[in-house]
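K.L.:
Model the structure of this input:
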Amino acid sequence: MSGLKWWQRVVLAVCLCALALPLWFAARNVHRFVDGDWTITEGYVHCASNDRCTGTWTLPGGQRGRGKITGLAFEYAEEQVTGIRLYAGRDWAVTDRSDLAFHAAYELAGAAIGAALIVSVAWFKSR
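P.N.:
The predicted structure is shown next:
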């Protein structure tokens, strides 16, 4: 990479550092996939619009969880449903556990493709 100008090296470093963001999201989803627990909602789930739902749940060991629930698609009149099965932690919940693995896989793939693209552009620019 010695053929790059100083500002191209800075751009290369910034782009490579920016790839830490999808890696962080992928690691978070893998952590959630491993450390979550199956539970059901307690009380009503409130949905402002599709996939913007919040609710409460109880985790094993008596801990209470509360936060955003992803994967729900309610109509406004249907939001008063109770007992929805969730895979959850203390401040997050999903309706389908496999969504976590799917999101982690495409975030890792995106980071790998991005890194290959950035390095190949830098390689050709340095020649």
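K.L.:
so what secondary structure elements neighbour the lengthiest helix in the chain?
P.N.:
Taking DSSP state H as the criterion, the chain has its longest helix at helix 98-125. Where contact means 3 or more CB pairs under 8 Å, 6 or more residues apart in numbering; DSSP states H and E, helix 98-125 is packed against helix 6-18, helix 20-35. Quick note: C-beta positions are derived from backbone N, CA and C, even for glycine.
K.L.:
Could you check the angle that helix makes with helix 6-18?
P.N.:
Counting by axes from the mean of the first three to the mean of the last three CA atoms, to 10 degrees, helix 98-125 lies at 170 degrees to helix 6-18.
K.L.:
For helix 98-125, the averaged confidence score.
P.N.:
Per-region confidence: helix 98-125 scores 89 on mean pLDDT.
K.L.:
what comes up buried for stretch 103-122?
P.N.:
For stretch 103-122, burial by neighbour count (16 or more other CB atoms under 10 Å) applies to 103-104, 107-108, 110-111, 114, 118, 122.
K.L.:
What is the neighbour count of residue 98?
P.N.:
If you count neighbours by other CB atoms under 10 Å, residue 98 ends up with 10.
K.L.:
how close does it get to residue 14?
P.N.:
Separation of residue 98 from residue 14 (CB to CB, to the nearest Å): 34 Å.
K.L.:
Also residue 121?
P.N.:
According to CB to CB, residue 121 stands 13 Å off from residue 14.
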